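1. Turn this into a model:
(one chain, ligands or ions: 1)
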Amino acid sequence: MIMRDLLMHLSSAVGGLMIILTLFQTHFPPHLRDLLEKYTSKLVRLWYPYIQITFPEYTGERLKKSDVYIAIQSYLTEKATTRAKKLRADTLKDSQSLILSIDDNEEVTDEFQGAKLWWSSNKIVPRSMSMSFYPETEERRFYRLTFHKHHRDLITGTYIKHVMNEGKTIALKNRQRKLFTNNPSNNWYGYKSTKWSHVVFEHPATFDTLAMEPKKKQEVMSDLKKFSEGKEYYKKIGKAWKRGYLLYGPPGTGKSTMIAAMANFMNYDVYDLELTTVKDNSELRKLLIDTSSKSIIVIEDIDCSLDLTGQRKKAKKKDDDEDEKGKGDPAKKMKKEEETKESKVTLSGLLNFIDGIWSACGGERIIIFTTNFVDKLDPALIRRGRMDKHIEMSYCCFEAFKVLANNYLDVESHPLFGTIEALLKETNMTPADVAENLMPKSITETPDTCLRSLIKALEEAKEEAARKKAEVVEEAKKKAEEEEEAKKKAKAKDDAKSIKEAKENGVGAYGKLEEEKENVKENGVKN
Ligand SMILES: Nc1ncnc2c1ncn2[C@@H]1O[C@H](COP(=O)(O)OP(=O)(O)OP(=O)(O)O)[C@@H](O)[C@H]1O
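-> Numbers count the residues shown, from 1 in each chain. Below is the predicted model:
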């Protein structure tokens, strides 16, 4: 009975409230309504112990999605998946996976250092819909964070920073990584101009599939990890957060594969810089400044890209000569200026960039040079500090072979491994060649046949190497004999020449002796 009365009172109260609300909405002028709402919320705030922060989806002119909103969206993805009842499925720009976020008017709770917080997703639909080419931008979405006023300092000081960092890390992990290549400078201007073109980076190489001596591999991985966690350290020592690697070794030893494995390990984009298409140092500077943080900048085959080794010295020598010869000659001066304009990227340009501007633009960046001929490079380019770590990619060792056998044949051990180990010690074969021999060529091939074909290839390579070595020895012997012969001939020639000279000059012991002989012959007496 009491319950029924209560319900009746409640329903009549709600009914009355509805009528008041309708009257209020229809008969009150909008400015009075806004005023009333303002004072009501002021009144509520007097006893309401919670603080709210809103994070709108768009900033400024609503052209750019707010980075903060994106970070929160990523941060809330995990919480939404496990806790929210209404979810929204979306793909973020550059993301490789589906993002699940909390749906409109849905709320999820979070906890941080003992404080409880509530996140809700909301949207405002404008009262009057205006005509627009972009109707979706009419809705204004925002996240709202609610927390008790006791936690004001904790939330505004630490928690929001934590959400941003976590969100950015999640977004970076989920993003679709890119492989950039530089465009020639005539593509840099005009409509849709870009310095770099990109494709999705989807190289499958990882450190697990990279064939390399395990200790060396571990060393590289630890170095990269230390670098990625070194933001504060680099700041403390006053150095730009960058690291240079030089990968060197014969073709087919896995330099490019290593770069892909590094990019996957670090979750970085890759900028493949083709130096031969870069007109000059100033273009190089513009290109490199246009790279983003968390990226690897690669210059492959640096020795072939440019005459980096000699250009600096040659240029200097040429400058000196020109200065000497053409002092004050306007024609020469003009020619020189023209040449300078046409000149390509120089070693000093590259060095200046590595040491100077790049350091100033900060950010988490790795630069990698690769070369097949490390001895050809100018020491200035690869000195420590510029190229912090030199990694030799060498011929296939047994440990590296085991990785390849596992990758290509799913074989971890086999009776033929012993033979292969012995042959690898005696032969230089690149991982690329080993991999090629291990790859089954038809469905009838088994691991056993593949391993046998590798053994055959190794034996052939060993014979070939022995033949080449014998040829080299023979060649060296022949050369030594020829040199000996040439020396002997030269000596005999020198001797004959000295005798002739002595005779002509009539001086010296020989001359005197010959004179005496003549006297004896003529006078029959010795002087
Ligand atoms: N160390 C390795 N681990 C795994 N696979 C490798 C390795 N080295 C070579 N390969 C295989 O050989 C192919 C060629 O190797 P890669 O291009 O990485 O060699 P490289 O040293 O960069 O050669 P180049 O100097 O000619 O550019 C790769 O696609 C890969 O399949």
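2. quick check: domain ranges of the protein?
-> 29-126+136-174, 180-324+343-392, 398-484, 493-523 (automatic domain parsing).
3. which of these is buried the deepest?
-> Of all the domains of the chain, domain 180-324+343-392 carries the top mean neighbour count, a mean of 17, counting by mean count of other CB atoms under 10 Å. Every C-beta, even on glycine, is put in place using the N, C-alpha and C of the backbone.
4. Contacts (any at all) between the ligand and it?
-> Yes: counting by CB under 6 Å from any ligand atom, the ligand has neighbours in domain 180-324+343-392: 210, 211, 212, 251, 252, 253, 254, 255, 256, 257, 372.
5. With secondary structure and pLDDT added, can I get these in CSV?
-> Below are the residues of domain 180-324+343-392 next to the ligand laid out as CSV (DSSP: H, G, I helix; E, B strand; the rest coil; pLDDT from 0 to 100):
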residue, secondary structure, pLDDT
210, coil, 96
211, coil, 95
212, coil, 94
251, coil, 94
252, coil, 94
253, coil, 96
254, coil, 95
255, helix, 96
256, helix, 95
257, helix, 96
372, coil, 92
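6. out of the domains of the chain, which comes closest to residue 19?
-> domain 29-126+136-174 (16.4 Å; CB to CB).
7. if you average pLDDT over that closest one, what comes out?
-> Model confidence over domain 29-126+136-174, given as mean pLDDT, is 81.
8. In CSV: the domains of the chain, plus distance to residue 19.
-> Formatted as CSV, the domains of the chain follow (distance: least, CB to CB, whole Å):
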stretch, distance to residue 19
domain 29-126+136-174, 16
domain 180-324+343-392, 59
domain 398-484, 76
domain 493-523, 129
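9. Tell me the gap between stretch 294-307 and the middle of its chain.
-> 11 Å (CA atoms, centre = their mean, to the nearest Å).
10. can you pull out the helices in the stretch 201-350 of the chain?
-> 214-228, 231-237, 255-266, 281-289, 302-305, 308-325, 330-342, 347-355 (DSSP state H, counting those that start in this stretch).
11. Quick check: the gap between residue 199 and residue 267.
-> Distance, residue 199 to residue 267, by CB to CB, to the nearest Å: 17 Å.
12. Need the phi and psi values for the residue in the chain that the ligand sits nearest to.
-> Using CB to the nearest ligand atom, the closest approach of the chain to the ligand is made by residue 254 at 2.6 Å. Note on residue 254: its backbone torsions stand at phi 100, psi 30 [degrees, to the nearest 10].
13. So that it lines up with my notes, have the first residue be 59 from now on.
-> OK, 59 is where the count begins now, so the last one is residue 312.
14. dump the residue contacts of it.
-> Residue 312 sits next to 268, 269, 270, 451, 489, 490 when contact means CB atoms under 8 Å, 6 or more residues apart in numbering.
15. Quick check: closest non-adjacent residue to the spatially most central residue of the chain.
-> Geometric centre of the chain, nearest residue: residue 354, 1.0 Å, by CA atoms, centre = their mean. Leaving aside its chain neighbours, residue 354 sits nearest to residue 424 (4.6 Å; criterion: CB to CB, 6 or more residues apart in numbering).
16. Can you verify that neighbour is assigned to a strand?
-> Yes: when DSSP: H, G, I helix; E, B strand; the rest coil is applied, residue 424 is found to be in a strand.
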